[in-house]
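> got a structure for you, letters missing:
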């Protein structure tokens, strides 16, 4: 299957050999969002001020999930992550929460999956903490915005 | 913060006390999708036939992730899951892959988060396996379609 | 070794058979504290107000650690935890932070180890977040304050 | 929050960027102790001789916990640990058990948290194995005794 | 695929629905052995007496692995294990070590996989601890000896 | 205990200090097999063609287990694995399935345990997926076939 690196010539799943790839600085950023009713968003906005901190819990969940990426994604290599940030911003136009995750490493493969896992887990956590008031929230916009390092060089998503 | 069960009266995060909730049959289904270029989808369609099995790997990743939900979502209760199915269907109109996850338990809390985690991890795995041919794929449509059991009864998403 | 339940008659470590113990409601509370310089404590007091939330991060770490107890303590039984709370209170007399963890389950063994693990991990996290300003902090006072349920009945620590 | 590295300028929790820190040899030692009744300690002393090996089980638990540090402490970096030793010594004066953990790595951040996690988990395991004979044991003295490597150089605890 | 419960009618992997199966007492025992040179076995025999305790470490590894079964075997249900014992016996005729693991639960599915995982992980640990003196050891004889409980009733291996 | 690296001079278990070992390319291959009735093997042969894919699920389980080795084997160092392949071949003469796992890293210790863990977990998964039709299957032949890299150089098993 030309182009698909996670399969061998017989089409069997493999964890790709990266032994001979150089160790370089890698960074990736990924996005996600949670769309909700304005009344649900209001809970978050109040929370940040002085009640329960929905976004703080989701941020930690995202950071911790980045460290679990190779346990979740079967063919991912374990990587020594050197930085994770997860930003969650309320957006009254969406309405909902926009999430941006950035992950860095110095290694032989990229960290797109780590950034995507951080962003999506933060989104799932937002859902968990607000589901008592709205079950109809929807998570979307999970994408790689930017990726640097490695042989394939820099990738920037259209419009990002 | 009235309505938000994951915080106490002071706004501190808690794992809610479900000790006195009855043990009932619970089921939840959740969706996700991965939007990609038609050329990328072609890789999957060929793979199902005789090459690498992208959807088979993603299905397993989703099933295994359902079992990790309480490790990923900070305030989720650990639950003895009794069933998980994850279906991935290529959709040439999207174009991309549609994912449907169903999780069952007999317990004191619902399994929406388990179903959402299964669906979103399956989607992330599809991304991982195809990212060598397209980095611009986008994951969305992550939502609870249906939920049965427990005090709040049956929930069906609009249009689901 | 009479009295030590974690060894068989030959002195070999075992995970004790609890199959025939009745399923009852169980609760345990445990304490811990972190002693630090008044200047270090001042960082926390300011943080709760409007900067980084040391105690919020430590609270989540404690809650999540309770769910990992049977992975950490070799002969602990896995338990379906039904509630976890972790309270962290700054104490200017100590000076430092006092931690109180409460865990509940409905099961065949007690949850003392879960409560102790939650309290000690919250304390370790406080250390981690403040170690850039003080390496000499000391963690202590890790003890079971109260335990209810099961054949051995209620235990209350002297002075608790 | 000047001085606290685990928060950004807005006070949001982050996993600090260590990408540009040099890879150096790191070592940290940490202590813990478990205070118990002399009769409880007697169980251990007999056990080392020919019955159940409380200290052997606790030593392994500590070593294995060191490897789980970045899963337990939310903002810890995953590190390729190169050595762990955990020594447990009965002390009839305490009376109880004194614990000393040493962890080494060659990496971009220190291993204090790994040493503290090893020492405290070994202590919790001692508690678990002896709690059938004494619930009133208390764990304390958890501190970093020594730390070498990295920009901040060598730290030695007062009196250690 | 008639008879294979881990696939649906289309041949897709599923975690089987056990929601409607009764909760019954379950027990399973499994075996394994490690064949080695007599000189290698001598290291163990001496160790049990007064040096490093190879079998004690392997026993703990087996017990802890039983608790990880549902993380390792993709379609296994998570189960609340109520007992695990792992016995390792030096056998000068083999020559090597014979391993016997017993696991119990009260649940909706059997614990054969837990017993097999405990036995095989104990065997792998024996290999790890002795590989510095012999790389040619071989692990075999991993089988279910006995299984009780559940609809299929009692199974006893021929000759067990 | 001369020769046994996992114990110190007092016979206490330790995670060996590899800090001063050079970082070199390492590779190890390990084998395993599952012996079954010809009728059971027939299920696999049919499955590969168009029904449930037993070998595909077992392959993934083996790959993912390699990443968990240091969690399962108490004194194993965590390693940044750079490649894992697991091949499963039906063998009508055995009759059963032959498994071959290869693992690579660039690090300070070898990857024999990772290869053995991958091979044995793949074998356990084959058992799990076929146990509904045959409980009497037996797993054996778990051995290191080849090992390269590190101070001890290349090892090739007799006859491999």
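The structure has been received and is ready for your questions. Here the structure is a predicted model, which means the values were calculated and not measured. Residues are numbered from 1 along each chain as shown, chains lettered A, B, ... in the order given.

> Which secondary structure element of chain A has the lowest mean pLDDT?
Lowest on mean pLDDT, DSSP states H and E among the helices and strands of chain A sits helix A:38-49, with a mean of 79.

> Could you look up the next helix or strand downstream of that helix?
Toward the C-terminus, helix A:38-49 is succeeded by helix A:54-66 as the next helix or strand (DSSP states H and E).

> does chain D sit close to that following helix?
Yes. With CB under 8 Å from any CB of the partner chain as the criterion, chain D is reached by helix A:54-66 at A:56, A:59, A:60, A:63, A:64, A:66. C-beta here means a position set from N, CA and C on the backbone, and glycine is covered the same way.

> if we look at chain F, which of those are close to it?
Subset of these in contact with chain F: empty, counting by CB under 8 Å from any CB.

> Tabulate the residues you listed (CSV), appending distance to residue A:142 and neighbour count.
Below are the residues of helix A:54-66 next to chain D laid out as CSV (distance: CB to CB, whole Å; neighbours: other CB atoms under 10 Å in any protein chain shown):
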residue, distance to residue A:142, neighbour count
A:56, 21, 21
A:59, 17, 27
A:60, 19, 26
A:63, 17, 25
A:64, 18, 29
A:66, 14, 30
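
> Give me the helices and strands touching the least confident helix or strand of chain A, please.
Applying 3 or more CB pairs under 8 Å, 6 or more residues apart in numbering or on different chains; DSSP states H and E, we find helix A:38-49 packed against helix A:54-66, strand A:81-91, strand A:96-107, helix A:112-130.

> Could you pull out the buried residues of that helix?
Neighbour-count burial for helix A:38-49 flags A:40, A:41, A:43, A:44, A:47 (criterion: 16 or more other CB atoms under 10 Å in any protein chain shown).

> Tabulate these in a markdown table, adding columns for distance to residue E:141.
As requested, the buried residues of helix A:38-49 are exported to a markdown table (distance: CB to CB, whole Å):
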| residue | distance to residue E:141 |
| --- | --- |
| A:40 | 58 |
| A:41 | 61 |
| A:43 | 59 |
| A:44 | 58 |
| A:47 | 58 |
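
> okay, and for chain A, where does confidence drop off?
Residues of chain A meeting the criterion pLDDT under 70: A:1-2, A:47-52.

> Return the residues of it in contact with chain F.
So far as CB under 8 Å from any CB goes, chain A lies against chain F at A:8, A:12-19, A:70-71, A:74-75, A:77-80, A:107-108.

> near chain C, which residues of chain A?
Counting by CB under 8 Å from any CB, chain A comes close to chain C at A:53, A:56, A:57, A:60, A:64.

> Can you list which of the residues of chain A next to chain F are found in helices?
A:70, A:71 (DSSP state H).

> Of the residues of chain A next to chain F, which are in range of chain B?
Contacts with chain B within the residues of chain A next to chain F, as defined by CB under 8 Å from any CB: A:12, A:13, A:71, A:74, A:75.

> Widest-spaced pair of those residues?
Farthest apart among those by CB to CB are A:12 and A:71. That separation is 21.4 Å.

> Compare the two (neighbour count), which wins?
residue A:71 (22 against 18; other CB atoms under 10 Å in any protein chain shown).

> Could I get the contacting residues of the more buried one?
B:68, F:64, F:67, F:68 (CB atoms under 8 Å, 6 or more residues apart in numbering or on different chains).

> between those residues, which has the most around it?
Among the contacts of residue A:71, residue F:64 has the most neighbours (other CB under 10 Å), with 29 neighbours.
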